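**Student:** Pasting a predicted model and its sequence here:
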Amino acid sequence: MTKTARKPPEVAAPSAGRRRPCLPSPSDWSFELIELYHGEIARTAKSFGLDTYPVQLEVITAEQMIDAYASVGMPVNYRHWSFGKQFISTEKNYRRGQMGLAYEVVINSNPCIAYLMEENTMPMQALVMAHACYGHNSFFKGNYLFQMWTDAAAIIDYLVYARAYIAECEDRHGWEAVEQLLDSCHALMSHGVDRYQRSQKLSLAEEEARRKDREAYLQQQLNDLWRTVPKPADKPAEKAHRRFPPEPQENILYFIEKNAPLLEPWQREVIRIVRKIGQYFYPQRQTQVMNEGWATFWHYTLLNKMYEEGLLTDGFMIECLRSHTNVVFQPPVTHPAYSGVNPYALGFAMFSDLKRICESPTEEDRQWLPDVAGSDWRETLDYAMRHFRDESFIGQYLSPHLIREFRLFSVVDDANKSELEVAAIHDADGYRHVREALSRQYDLNHREPNIQVWDVDVRGNRSLTLRHSRHNDRTLTDDVQEVIKHVARLWGFRVLLESVDKHGKVVQHWEALPHA
Amino acid sequence: MLQQVIDRRLSGKNKSIGNRERFLRRFREQIRDTVRRAVAGRSIHDIEQGEDVTLPRRDVYQPVFEHTGGTRESVHPGNREYVRGDRIAKPQEGGRGSGSGDASPDGVGEDDFVFRITREEFMQYFFDDLALPDLIRTQLLPDAPEWKSRRAGFISDGTPTNLHVVRSLRVALSRRIAIGGESRRQLHELEAQLALALREVPGQPGEILALRTQIDTLRRRLKTIPFFDPFDLRYRNRVRVPQPTAKAVMFCLMDVSGSMDETRKDIAKRFFILLYLFLRKHYEKTDVVFIRHHTQAAEVSEEEFFQSTETGGTVVSSALALMHQIIQERYPPGDWNIYGAQASDGDNWHQDSARCRELLVGKLLPVSRYFAYVQVGEEDQNLWEEYTQVQEDNRNFAMRKVAAADEIYPVFRDLFKKSATP
């Protein structure tokens, strides 16, 4: 698939009316040049009305970039062996040349921190600045998920606090205990997010002060729940059959943090830290296509605009476009390098396609996306960026035109059948099906097993029952035994996991004991 | 809205070191095994290298709840020939890479997790096995060569503690003399002229006044020469020079008769390695000579030394005699520091042990800096008894029975004690 076909025509119209002299374009960067280019990019971004956090640029080495990778892109994080493992494998691949490092890492914080790698050439730095500081940055600030779930101003402080707290725990309780606890928490990290509540915004100081209150309060609550003092005999007996929890809970880590009988306050706090950080990354996991697509679309648009204004030299622009083309390359399914849909390619294509539909809609576009066709493209794209996540964005805006261009097709894999079946392709009968299937593919709720806290035997052996609701007969991998061992370690008593089919019948179950 | 570009390149290097420590600590058993195997397989000369450690994927894998089986639908780009309802044979596992939509993000194949530990880390684990105290470890690692601080004249820049007052004053004095020389000469001349002028009977007040003005100017100029100037300061200069080092040769003597099994050889090898590291640290050039023996001794390559096993009796003195011969031929004791390390299970032909003692006391010990003997077996043998007598009279001889690798170190204790008090 060639990308050149999709490039809007403005590239083809070179420096027709140069109004301003070119910016200097040596291939080596310098601090002055970065500031100069940044100023121009910022001005261009402003002319398109991009709303961003202030930018903080930091120049780092390749090794520091690997560091940043290892600690999930954050400038600070608590210490854990898994980050060391991540670092080692990233470094190894990088040294062998199996992978290039990402050109940039950008942090959803206020001010928005963007890393520039010292190895990059000046055109690359400009590309990164446009991509990260104005693309991602405006996405972080505008998208509803980020607004709802993350507090850009507080995250760095919180991580500093988390790191210090966990280091303190290691000192006080021994590294083995902390490591085991973190292992268990990490195993449940994807089941430790709230999906439907609003998070609280707390500063470092408030967080610290409230932790103390919380510890004291929690201990009281627990004592009450697990009260062993005999109750007066005249209490009504039916209370004994009260369910706990009254309704199934999907945030397993939260449930354990609040209700596990034997945990000490510091252990609850560690669980909370892991949970909070997982929650912070929850929006990113749901908006990969949109976020990268948005940033790619804007670096492309901003740099082209600057080129049109005559600010960039031809050589500079060629290098930017070459990197851009590599980033948005989508190998077809038969290609040896194929590894799923490239979120950069899909996202960029969708935003570019939306712009096309706004500016020069075809009859088909008017039929499929009547609200979009012919509208102002900046408003439409801004709206799309703010109010969607990958799943709903694709469901709403993937046009038949793009389905054809990507030659998307949907394949059903039924474990009980020996062959795959093509369910839909890029034809009139298939558009809707393909769009729905692709949209579902990006739905975290669909991708991750639905496992909830079902019951606690409060009056008996205190065992915890989790329930996995099967969808499309999908079972769990063998890891499940290991994971529930982790659950049992946190809960402190027996843990059961039941897998139920769509009729509510238990078809499979696992169990684990703590210290087993 | 740019705040400022921050250069972080110099700060925060090795930020991940804490995580790496935790990673190594978690897998220390596996790493230790790898190191153990590597030591057995390596030549003594290249003991100080990193090593690839292979961990089973299962061990480093972090489990999470994941889906498998059932019915799933995935969308792919780049359709060429398919239409709805087509059936496709399922691709072989891994045949399409991690292509089928939701292969786990970790790329969980059965591949092992391979990574490299650095030379320092390798030595760390090696020393751990030998139960070496920390002090000795740092002494053994070649990273910090010994330096001696030596005076090297004076320089014009330095810390106040190194200020040399007398030198500085002397420089100041010569500067004052040098700068003021011309003016002072003029001053003297003028003063002489003034004296003459004053003596002349018909006094010439005009000339006297002019001379006086000139003299005043010169005096003032001389006064402005500072008594002490910052560039007069002189500091003692000290340079660090590496300790003079010399050549050393290490003789490894080992019994290769049938009773030396793999474990015993491994212990002997570690013993030799330790001695080698010690010598490497202290001498610029370290030669190693391998002599193996059963009833006859031969100089061999390292590979042959550790790998061959021969059966038959044991005549230890043959090795000592050969060592003596080689010393005379190639390593004159005046130029070389000679170290001997002998490993044996102590089994020797009966009459030979006394001869060994004679050889040692009479010929080898007088020319050797140090001779260490380890017996890799518990039984008391006649060689042990003979050597015990040697130990009583000779300070540069050490002997020890070693049954496991961590018992090797005590043999060295005397050696290190000696090096600590030069």
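**Tutor:** Here it is on my side, so go on.
**Student:** and residue A:330, what is it in contact with?
**Tutor:** Taking C-beta atoms under 8 Å, 6 or more residues apart in numbering or on different chains, we find residue A:330 in contact with A:1, A:341-342, A:345-346, A:406, B:77-78. For every residue, glycine as well, the C-beta is placed using N, CA and C.
**Student:** I'd assumed it was in a helix, is it?
**Tutor:** No. Using DSSP: H, G, I helix; E, B strand; the rest coil, the secondary structure at residue A:330 is coil, not a helix.
**Student:** Name the nearest residue to it, ignoring sequence neighbours.
**Tutor:** residue A:345 (3.8 Å; C-beta to C-beta, 6 or more residues apart in numbering or on different chains).
**Student:** pLDDT score assigned to the closest residue to chain A within the stretch 101-250 of chain B?
**Tutor:** For the stretch 101-250 of chain B, the residue closest to chain A is residue B:115, as judged by C-beta to the nearest C-beta, at 4.5 Å. For residue B:115, the pLDDT comes out at 84.
**Student:** Then residue A:18?
**Tutor:** For residue A:18, the model assigns a pLDDT of 49.
**Student:** element containing residue B:35?
**Tutor:** Remark: residue B:35 resides in helix B:28-41, with elements defined by DSSP states H and E.
**Student:** what's the neighbour count on the residue of chain A found nearest chain B?
**Tutor:** Proximity to chain B, evaluated over chain A using C-beta to the nearest C-beta, is greatest for residue A:332 at 2.2 Å. Neighbours of residue A:332 under the rule other C-beta atoms under 10 Å in any protein chain shown: 15.
**Student:** Leaving out sequence neighbours, find the closest residue to it.
**Tutor:** Nearest non-adjacent residue to residue A:332 (C-beta to C-beta, 6+ apart): residue B:78, at 2.2 Å.
**Student:** Let me know the secondary structure of that neighbour.
**Tutor:** Assignment for residue B:78 (three-state DSSP): coil.
**Student:** show me the contacts for it.
**Tutor:** Counting by C-beta under 8 Å, 6+ apart, residue B:78 makes contact with A:1, A:330-335, A:338, A:406-407.
**Student:** Format these as a markdown table; extra columns: pLDDT.
**Tutor:** Putting these into a markdown table (pLDDT from 0 to 100) gives the following:
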| residue | pLDDT |
| --- | --- |
| A:1 | 31 |
| A:330 | 91 |
| A:331 | 90 |
| A:332 | 90 |
| A:333 | 88 |
| A:334 | 86 |
| A:335 | 87 |
| A:338 | 87 |
| A:406 | 93 |
| A:407 | 93 |
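**Student:** Dump those into a markdown table; add distance to residue A:507 as well.
**Tutor:** Listed next are those as a markdown table, based on distance: C-beta to C-beta, whole Å:
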| residue | distance to residue A:507 |
| --- | --- |
| A:1 | 43 |
| A:330 | 39 |
| A:331 | 39 |
| A:332 | 38 |
| A:333 | 33 |
| A:334 | 37 |
| A:335 | 39 |
| A:338 | 35 |
| A:406 | 38 |
| A:407 | 38 |
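**Student:** okay, residue B:203: pLDDT?
**Tutor:** Predicted confidence (pLDDT) for residue B:203: 72.
**Student:** same thing with the one 10 residues further on?
**Tutor:** In this prediction, residue B:213 carries a pLDDT score of 89.
**Student:** ok, how many other residues are close to it?
**Tutor:** 10.
**Student:** Would you indicate which residues of the lowest-mean-pLDDT helix or strand in chain A are buried?
**Tutor:** Ranked by mean pLDDT, DSSP states H and E, the weakest helix or strand in chain A is helix A:204-225, scoring a mean of 76. Neighbour-count burial for helix A:204-225 flags A:207, A:211, A:214, A:218, A:222 (criterion: 16 or more other C-beta atoms under 10 Å in any protein chain shown).
**Student:** repeat for stretch B:172-182
**Tutor:** Using 16+ other C-beta under 10 Å as the test for burial, stretch B:172-182 gives B:172, B:175-176, B:179-180.
**Student:** Check stretch A:54-69 too.
**Tutor:** By 16+ other C-beta under 10 Å, the buried positions in stretch A:54-69 come out as A:55-61, A:63-69.
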